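> give me coordinates for this.
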Amino acid sequence: MTYDNENIFAKILRGEIPSEQVYEDDHTVVIMDIMPRANGHVLVIPKTPARNMLDATSAQLTACMDTVQKMGHALQTAFNADGITLQQFNEAAGGQEVFHLHFHVLPRHTDVKPGPPGIMGDMTLIKENAEKIRGVLNSSVS
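Model prediction:
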């Protein structure tokens with residue numbers, strides 16, 4: 001399988017489609033999932049092309065995992081979460097829908113199930129949740 005430069009995340013990275021970004025470093029970008037399964041659900045995306053973890057370089061995977069860990073801590077603080085769920089899908093048979101490597105990071109609370117997939121979220125709430133995350137990230141930098 002080959003990488004498709006017209007996938008939605010490639011377009012977001014090029015600035016062709018808007019997103020609610022909460023973090024960026026030299027190698028990764030973190031955006032809010034617009035179909036969140038939990039308040040604060042984010043996506044960690046490498047800036048460079050990779051279809052999924054099966055064709056990603058070890059450098060891409062390392063950069064993503066560093067950012068996943070940073071986001072996990074930020075989400076746990078921002079949402080007073082009891083834990084974090086990390087999801088990553090590879091190829092259609094594995095559940096992948098957007099063919100650019102990405103990691104779902106969801107704050108989780110004891111006895112609260114994640115919401116159903118594929119339902120558009122309330123953009124006002126998504127923006128409020130993004131502010132919470134940025135607030136935590138900004139306070140940890142200071």
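
> quick one, what contacts Thr28?
If a contact means Cβ atoms under 8 Å, 6 or more residues apart in numbering, then Thr28 has 44-47, 63-64, 66-67 as its contacts. To be clear about C-beta, it is placed using only N, CA and C from the backbone, and glycine gets the same treatment.

> now the residues you listed in CSV, with distance to Ile84 and secondary structure?
Listed next are these as CSV, based on distance: Cβ to Cβ, whole Å; DSSP: H, G, I helix; E, B strand; the rest coil:
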residue, distance to Ile84, secondary structure
Val44, 12, strand
Ile45, 17, strand
Pro46, 20, strand
Lys47, 23, coil
Ala63, 18, helix
Cys64, 15, helix
Asp66, 15, helix
Thr67, 13, helix
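
> could I have the buried ones of those residues as PyMOL selection syntax?
Typed into PyMOL, the line below selects the buried ones among the contacts of Thr28, using 16 or more other Cβ atoms under 10 Å:
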select buried, resi 44+45+46+63+64+67
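
> got CSV for the contacts of Thr28, with distance to Leu13 and pLDDT too?
Converted to CSV, the contacts of Thr28 look like this (distance: Cβ to Cβ, whole Å; pLDDT from 0 to 100):
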residue, distance to Leu13, pLDDT
Val44, 13, 98
Ile45, 7, 98
Pro46, 9, 98
Lys47, 6, 98
Ala63, 14, 98
Cys64, 14, 98
Asp66, 18, 98
Thr67, 14, 98
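
> of the contacts of Thr28, just say which sits nearest to Pro36.
For these, the residue nearest Pro36 by Cβ to Cβ is Val44; the value is 14.3 Å.

> just give the nearest non-adjacent residue to that closest one, would you?
Nearest non-adjacent residue to Val44, counting by Cβ to Cβ, 6 or more residues apart in numbering: Phe103, 4.3 Å away.

> cool, and Gly72?
Spatially, and ignoring its direct neighbours in sequence, Gly72 is nearest to Ile84 (4.4 Å; Cβ to Cβ, 6+ apart).

> wait, that neighbour touches His109, no?
No. Contact criterion Cβ atoms under 8 Å: Ile84 and His109 do not qualify, at 10.8 Å.
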